[in-house]
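# Quick one, what's the 3D model for this:
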Amino acid sequence: MAILRRRQGRLGDTWHLDELFVNIQGCQQYLWRAVDQDGDVIYILVQPRRDRRAAARFFRKLLKGQARVPRRLITDKLRSDSAAHGSVMPGVLHSTRQYENNRAEVSHQPTRQRERQMRRFKSTAHAQRFLSVHGLVRNLFRLGRHLLRAAHHRLLRTRSFLVWNEVTCAC
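Take a look at the predicted model:
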């Protein structure tokens, strides 16, 4: 996983943050997700709460894993995000305009599909482990086919499989 993260390259400077409700063994958990402006998953964290302290913890872990602070932060209108933003990243421009966070909302769809296929997550640790790896692998193979010519798409797809073979030590 660390190899994939290193090979990922430079992420965008606009981050979209959002949370999602996930039921795990009958208890409601919150899946916090950070996505850059290109739709690449930056970080995922599963927590039992959705208050200011949980948001601040997510922001700190997100910044710890990245080499730099974003230029712009986009969230929904959850008040705990604004409170945590003020204490953890006060110098970053924060936006909560309507429809602006659709990039993060759309990134939840593959999670819901996998959750349905797996017949729910078995534990919080299982969800955290699986989704963090799933996000990195998805970043590797999500190429934006509609933006590319066929020859470029084949080239990028071949590169993705070469990286995948190198990371998994498959010959």
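# what comes up buried for stretch 22-31?
Buried residues in stretch 22-31, counted by 16 or more other C-beta atoms under 10 Å: 22, 24, 29-31. Where you see a C-beta, it was placed from the backbone N, CA and C, and this is true even at glycine.
# for stretch 162-171, same thing?
In stretch 162-171, counting by 16+ other C-beta under 10 Å, buried: 163, 167.
# Averaged pLDDT, it. What do you get?
Averaging pLDDT along stretch 162-171 yields 80.
# C-alpha coordinates for that stretch, PDB please?
Only the C-alpha atoms of stretch 162-171 are listed here, as PDB (Å, rounded to 0.1, in the frame of the first residue of the first chain):
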ATOM      1  CA  LEU A 162       2.700  -2.600 -15.000                       C
ATOM      2  CA  VAL A 163       2.600  -0.600 -11.700                       C
ATOM      3  CA  TRP A 164       0.100  -3.200 -10.300                       C
ATOM      4  CA  ASN A 165       2.300  -6.100 -11.300                       C
ATOM      5  CA  GLU A 166       5.300  -4.400  -9.700                       C
ATOM      6  CA  VAL A 167       3.500  -3.600  -6.500                       C
ATOM      7  CA  THR A 168       2.000  -7.100  -6.100                       C
ATOM      8  CA  CYS A 169       5.200  -8.900  -7.300                       C
ATOM      9  CA  ALA A 170       3.200 -10.700 -10.000                       C
ATOM     10  CA  CYS A 171       5.300 -11.900 -12.900                       C
END
